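Enquirer: heads up, no residue letters with this:
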């Protein structure tokens, strides 16, 4: 008697043999980033022992986890750099310093925050930034696949979607964050604040543009309010500018500009804020 599923079984068997992907990789990504954040911040540690031996043990465990993931991926994504994991570990002191600055910047920017500990423990924006910075460090080392798995995990947990290839400066603030999208070739300067629903995206989505700068540049000290959309690799938001909520921007604006949701551009005067903007449509 003929098996009615014979063709299906044969097709799937061929696919599995051709792409026999290790199932442990998806689980390893969140476990790895939990280890890294637990190493850097006691807030995330499953157990905390405040002595040098325990810290050395945790450092060794993080490096071993990264080596294990590299070995899992090796059949599909071979990497010739045997010292990749140690080079990542060498980046952690600077990464820790940057995350401390991010947490402090979020605390200082939000009147509702009562302590930096509260920011670290409860703010999804900080959590997304922390995972992005880990993923970005791996991305810059050309570690395969894991950076995307990490930022997608952060996306699932927080609603914040930051590509690990984006370049983001110090004292980065994400307020609320849900629905925020930062594309791969985005460049963000220092002391930038983004609110929920902001999109820093491409004007066109075409595979032929994969090696081109497709996403905007946001210079230092810029604030982008909720649901604003800024598109295009040639679009530069000048230093100290304010982008109002729901604005749609596809052209560069000079430093210290105010862009309303009508995409009206005018010079800022002094320290005026969004409370004086014209919101008429």
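Expert: Thanks, I have the structure now. Fair warning: this is a prediction, and the values are worked out from it, not measured in the lab. Residues are numbered from 1 along each chain as shown.

Enquirer: thought residue 103 was touching residue 126?
Expert: Yes. With contact defined as C-beta atoms under 8 Å, residue 103 and residue 126 form a contacting pair (5.7 Å). C-betas here are computed from N, CA, C, even on glycine.

Enquirer: next, show the common contact partners of the two.
Expert: Common neighbours of residue 103 and residue 126, counting by C-beta atoms under 8 Å, 6 or more residues apart in numbering, are 119-120.

Enquirer: could you chop the chain up by domain?
Expert: 22-159, 179-271+277-281 (automatic domain parsing).

Enquirer: mind listing the helices for the stretch 101-250 of the chain?
Expert: With DSSP state H, counting those that start in this stretch, the ranges of helices along the stretch 101-250 of the chain come out as 116-122, 124-140, 146-158.

Enquirer: which of those helices is buried the deepest?
Expert: Among the helices of the stretch 101-250 of the chain, ranked by average contacts under mean count of other C-beta atoms under 10 Å, first place goes to helix 124-140 (a mean of 23).

Enquirer: so what touches it?
Expert: Residues external to helix 124-140 that are found in contact with it (C-beta under 8 Å, 6+ apart): 33, 36-37, 40-41, 88, 91, 95, 98-99, 102-103, 106, 119-120, 146-148, 150-151, 153-155, 157-160, 162, 164-166, 168, 172-178, 180.

Enquirer: can you give me how far it is from the chain middle?
Expert: Between the mean C-alpha point of helix 124-140 and the mean C-alpha point of its chain there is a distance of 5 Å (C-alpha atoms, centre = their mean, to the nearest Å).

Enquirer: and stretch 56-74, by the same measure?
Expert: 22 Å.

Enquirer: same question, stretch 7-16
Expert: The gap between the average C-alpha position of stretch 7-16 and the chain average comes to 37 Å, counting by C-alpha atoms, centre = their mean.

Enquirer: can you check stretch 82-96 too?
Expert: Between the mean C-alpha point of stretch 82-96 and the mean C-alpha point of its chain there is a distance of 18 Å (C-alpha atoms, centre = their mean).

Enquirer: how about that stretch: buried residues?
Expert: Residues of stretch 82-96 classed as buried under the neighbour-count rule (16 or more other C-beta atoms under 10 Å) are 84-85, 88-89, 91-92, 95.
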